[in-house]
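A.B. asks: return atomic coordinates for the entry below.
(4 chains)
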Protein chains: 2
Amino acid sequence: MEVLNEVKGASISFSMVQFVHPALADITLAGILAALADPMRLRIVKALLEDGDCLSCTAAAPCPEIPKSTLSNHFRVLREAGLIRTSKKGVAHRNTVREADINARFPGLLKAILKHAGE
Amino acid sequence: MEVLNEVKGASISFSMVQFVHPALADITLAGILAALADPMRLRIVKALLEDGDCLSCTAAAPCPEIPKSTLSNHFRVLREAGLIRTSKKGVAHRNTVREADINARFPGLLKAILKHAGE
DNA sequence: GACAGAAGTTCGGAAATATGGAAGTATTGA
DNA sequence: TCAATACTTCCATATTTCCGAACTTCTGTC
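C.D. replies: The predicted model follows:
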């Protein structure tokens, strides 16, 4: 919670955790590979692509007993690598794979990797 | 240094650090991605594929000032992921990419990844 | 509105992993 | 036999990951 300004004694605070997504040019190959180098994250991205491409964090989780903080961390890694885009939708989050962006930057990569996910 | 046998008081020791390479079935997608998720290892594999496919460790190193132990470690990671095969050739080592193996297990993957390496 | 519940985030300490200097091991050539 | 080369192994330090606990934010209900 960061206080940005004060007007007439009332502090205006911007708490909106607006997520930072890297620009296209800042997406790196090593970053994408590192993000997908985890079986759980691989399954998350696969679930997002297959199952509607727009799931909440818990809905995209591979298994229900995974701790929330761990799950949150995985989504942050995917986000910072540029693989997914997260926006708030009420109390939940909407996560979508940045398929077009990644295909533009690294044509064929995503498909080639996810083709073999879950073997 | 493992002592395997003793004959007439003289111990025959096999120190040949014969490297352990995973079998085809033990090569995993996450393992390959994790191994390639490092810029230096990405460059090493790229150099191996481009520049003769059979280089010593130092010859395949991205830059000369990298510590030997770090370099050795990177080659171990690549080896254990199943990406390269290492054999001894005199004092040096010969490293080759297990291209056929990986293509058999994950068709198209290696090419799709390395196509974008070094951008 | 106040409150409870749901969905995630952030914090912080413990566990796992990476880095690189120093020392050790084979192998070759003089 | 000695020195040099090309690594590997050991180990201490630095970094990263994991997950419980506490916190924030939004929604629906009273």
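
A.B. asks: contacts and neighbour counts: CA atoms only from here.
C.D. replies: Will do.

A.B. asks: need phi/psi at residue A:112.
C.D. replies: phi -60, psi -40 (degrees, to the nearest 10).

A.B. asks: quick one: contacts for the nearest residue to it once chain neighbours are set aside?
C.D. replies: Leaving aside its sequence neighbours, residue A:112 sits nearest to residue B:109 (CA to CA, 6 or more residues apart in numbering or on different chains; 5.4 Å). Residues near residue B:109 by CA atoms under 8 Å, 6 or more residues apart in numbering or on different chains: A:109, A:112, A:113, B:102, B:103.

A.B. asks: check the gap between the fourth one and residue A:27 for me.
C.D. replies: Residue B:102 sits 26 Å away from residue A:27, going by CA to CA, to the nearest Å.

A.B. asks: distance to DNA strand D added to the contacts of residue B:109, as JSON lines?
C.D. replies: Converted to JSON lines, the contacts of residue B:109 look like this (distance: CA to the nearest atom of the strand, whole Å):
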{"residue": "A:109", "distance to DNA strand D": "21"}
{"residue": "A:112", "distance to DNA strand D": "23"}
{"residue": "A:113", "distance to DNA strand D": "19"}
{"residue": "B:102", "distance to DNA strand D": "21"}
{"residue": "B:103", "distance to DNA strand D": "24"}
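
A.B. asks: out of the residues you listed, which touch DNA strand C?
C.D. replies: Checked against DNA strand C using CA under 7 Å from any atom of the strand, the contacts of residue B:109 yield no neighbours at all.

A.B. asks: among those, which lie within helices?
C.D. replies: Among those, the residues falling in helices (DSSP state H) are A:109, A:112, A:113, B:102, B:103.

A.B. asks: biggest separation within those residues, which pair?
C.D. replies: Using CA to CA, the ones in helices among the contacts of residue B:109 span at most 15.8 Å, a distance reached by A:109 and B:102.

A.B. asks: so which residues on chain A come close to DNA strand C?
C.D. replies: Contacts of chain A with DNA strand C, taken as CA under 7 Å from any atom of the strand, map to A:17, A:56-59, A:68-69, A:71-73, A:75-76, A:91-94.

A.B. asks: for stretch A:73-87, buried residues please.
C.D. replies: Under the neighbour-count criterion of 16 or more other CA atoms under 10 Å in any protein chain shown, stretch A:73-87 has A:74-86 buried.

A.B. asks: avg pLDDT for that stretch?
C.D. replies: For stretch A:73-87, mean pLDDT rounds to 97.
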